[in-house]
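# what's the 3D shape of this:
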Amino acid sequence: MSHKFDLVDLEAFAAVAELSSFRAAAEAVNISQPAFSRRIQKLEDALGVKLLDRTTRRVTLTAVGREFAQKATHWLNDLDSMLVGVGDISAFRQGEVTIACVPSAAYYFLPAVVKSYNEQFPRIRVRIHDESANDVLVAVAHGEADFGINFVGSQEADIEFHRILVERFVAACRRDHPLAKRKKVTWRDLADHPFISVGKTSGNRVLLDLALAGTDIRLAPVYEARHVTTLLGLVEAGLGVAAVPSLAMPAKDHPLLASIPLTDPVVDRQIGLIKRRGRSLSLAAQPLYDMLMHLSKTKRRTSRPAS
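From the prediction side, this is the model:
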C-alpha cells in the first residue's frame, strides 16, 4: 500500500462524502467530473481500500469510507486552523457553499455577510436557495444545502437549530387604511377587514394557526398567496390586510405600506441556523456559517424592535 496522495485528493473525497454525488462534489471543488473521479481513484489506490460504492444513481460510503471520512474532515479542519495561524489561505481556497433560507431571512441577513465572505474567499461560489420553510428543512436534511436559515427545525431530531433572532408578526396594510393610524392592532381588529393570508401549507400559516388555536379568534382569508412577497403585493393593491413577519416588511419609509404591532396575542417566530446533527460543515461552508452567527449577535444588539 502506497500513501502517496495529495491534499486535493483528500478534499475531493471530503466533498463527495458530504454531497453523496460525484457531479455535485466535482462542481464544489471546481474541476471536471472525470478529473474528480481520477482523484478519488488515486486516493483509493494509495490507501489500498475501497472508500465508495458507486452506482448510476448515487454514491455511498463503505464502512471504511465512513470512518475515513470523519478522520479526513478532522484533518482538513485542523490543517485549516493551523494555516490560518501562519498565513492567509483564503486567496487560494476553492469550492462552493449552498445555503437554503426563507426569503425574508435571505433579504435581511445574507447580502452584507455574503459580500464580506466573498471578499475573504473570492474563489468560492455561494449558491442561495430561497425557499419555503418546509423546503429549506428538506434541503438541509437531505444534504442538498450545507446549512439553512429557517424558523422551523428546532424540534427535528436530526437537525441542529441555533437561534439567531426572534421577530414578531405585525399587521400590514396600506398607509391610507384606517388601521395604519393605530399604535397597535389586535387580531380581532384584523377580523373586521378583508384578510389576506399565505396558504395552509406555509410554515408561517401553520405557526399562526397554532398560536391562535387557543383563542376564539377566527380569520377567514379572502385571498391566499403562496409567498409573503405576493401577499404584500395584494395588500399594496388595497385588497385587504395581512399578518406578516416583521423582517418581511419593507423599510418604514415605504410610500404605500405600513406595519403596526400585533397584540392579543403577541406572536413571534424564532429564526435560526440549521444544519444536520453530527455532521461537520465543509471547509468552504464553516466560515460563512460562523460569519452569520457573529452577524446575528450584532443584529440583535443593534436592530430595531419588531414593530
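
# which residues does residue 29 contact?
Counting by Cβ atoms under 8 Å, 6 or more residues apart in numbering, residue 29 touches 8, 11, 12, 15, 36, 94, 95, 96. C-betas here are computed from N, CA, C, even on glycine.

# mind running it again at 6 Å?
12, 15, 95 (Cβ atoms under 6 Å, 6 or more residues apart in numbering).

# Between those, which sits nearest residue 143?
residue 15 (11.7 Å; Cβ to Cβ).

# what would the contacts of residue 29 look like in JSON lines with neighbour count, pLDDT and secondary structure?
Converted to JSON lines, the contacts of residue 29 look like this (neighbours: other Cβ atoms under 10 Å; pLDDT from 0 to 100; DSSP: H, G, I helix; E, B strand; the rest coil):
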{"residue": "12", "neighbour count": "26", "pLDDT": "88", "secondary structure": "helix"}
{"residue": "15", "neighbour count": "25", "pLDDT": "86", "secondary structure": "helix"}
{"residue": "95", "neighbour count": "19", "pLDDT": "73", "secondary structure": "strand"}
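
# of all those residues, which comes closest to residue 70?
residue 15 (14.7 Å).

# Do I have it right that that closest one meets residue 26?
No. If you go by Cβ atoms under 6 Å, residue 15 and residue 26 don't touch, sitting 8.1 Å apart.

# Around residue 212, how many other residues sit close by?
16 (other Cβ atoms under 10 Å).

# Looks like residue 168 contacts residue 268 (just checking).
Yes. In this structure residue 168 lies within contact range of residue 268 using Cβ under 6 Å: 4.6 Å.

# just how off-centre is the helix or strand harbouring residue 9 within its chain?
Per DSSP states H and E, residue 9 falls inside helix 7-19. Offset of helix 7-19 from its chain centre (Cα atoms, centre = their mean, to the nearest Å): 23 Å.

# tell me which residues in that helix are buried?
Residues of helix 7-19 classed as buried: 9, 10, 11, 12, 13, 14, 15, 16, 17, 18, 19 (neighbour count, 16 or more other Cβ atoms under 10 Å).

# now for these, which pair is the farthest apart?
Counting by Cβ to Cβ, the most remote pair of the buried residues of helix 7-19 is 9 and 19, 16.1 Å apart.
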